[in-house]
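Enquirer: Quick check, what structure comes out for this input:
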Amino acid sequence: MNRCSWVNLNNPLYIKYHDNEWGQPVYEDTKLFEMLLLESFQAGLSWECILNKRESFKEAFDNFDYEKISKYDDNKVNKLIENKNIIRNKRKITATIKNAKIFMEIQKEYKTFSNYIWHFTKGNVIYEYNKTTSSLSDEISKDLYKRGMRFVGSTIIYSYLQAIGIINSHDNKCFLYKESK
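Expert: Prediction:
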């Protein structure tokens with residue numbers, strides 16, 4: 001079975017992620033926040049590194065519960081910085097707390113974060129390949145940054161949009177490849 005060329009076929013987690021998650025449309029807010037958190041921690045690192053630590057992130061960040069995360073204090077930040085099983089970058093950790101608060105503000109405005117993120121494409125999936133940014137990721141990045149989120153540059157947001165299925169970028173030889181309708 002052919003998969004996208006970036007998949008490390010020696011890593012079962014990577015294969016499972018590619019085959020069952022990447023590029024699949026996501027509408028559930030907790031999952032959308034999880035992927036936003038993980039993508040923001042990826043900045044400067046490989047996705048495989050983050051994926052291998054995903055369960056540790058889940059445990060450290062209260063199952064990606066954005067309401068709990070929004071209330072983290074300095075003690076919790078220090079515990080996270082000491083946690084050797086996750087990426088211990090204080091700027092990314094504090095940005096995650098701030099991003100959780102803004103995530104909830106967006107929910108209030110749009111009823112769900114899903115409504116917010118999918119409104120940029122009017123609910124449509126975009127099919128494009130071999131890109132790391134686009135006018136769509138630029139627009140969303142700019143809007144999130146204006147709202148106060150951090151670690152949401154256009155490249156991170158492009159990866160996020162791929163991860164949550166707004167952008168489908170499976171290689172044309174991949175068994176999950178689709179063309180726009």
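Enquirer: What segments of this protein are strands?
Expert: 126-127, 167-168 (DSSP state E).
Enquirer: So which of these is nearest N52?
Expert: N52 sits nearest to strand 167-168 of all the strands of the chain, at 23.6 Å, using CB to CB. Where you see a C-beta, it was placed from the backbone N, CA and C, and this is true even at glycine.
Enquirer: what helices or strands is that closest one leaning on?
Expert: Taking 3 or more CB pairs under 8 Å, 6 or more residues apart in numbering; DSSP states H and E as contact, the helices and strands that strand 167-168 lies on are strand 126-127, helix 154-163.
Enquirer: Just checking: what are the partner strands of the shortest one?
Expert: Strand pairing for strand 126-127, determined by DSSP bridges: strand 167-168 (parallel).
Enquirer: Centre of the chain to the partner strand, how far?
Expert: Distance of strand 167-168 from the chain centroid (CA atoms, centre = their mean, to the nearest Å) equals 13 Å.
Enquirer: who's in contact with it?
Expert: G23, V125, I126, Y127, E128, S134, L136, Y158, L161, Q162, K178 (CB atoms under 8 Å, 6 or more residues apart in numbering).
Enquirer: Show me what the longest helix belonging to the chain is packed up against.
Expert: In the chain, ranked by residue count with DSSP state H as the criterion, the top helix is helix 90-110. Packing partners of helix 90-110 (3+ CB pairs under 8 Å, 6+ apart): helix 29-42, helix 66-69, helix 74-82, helix 113-119, helix 135-147.
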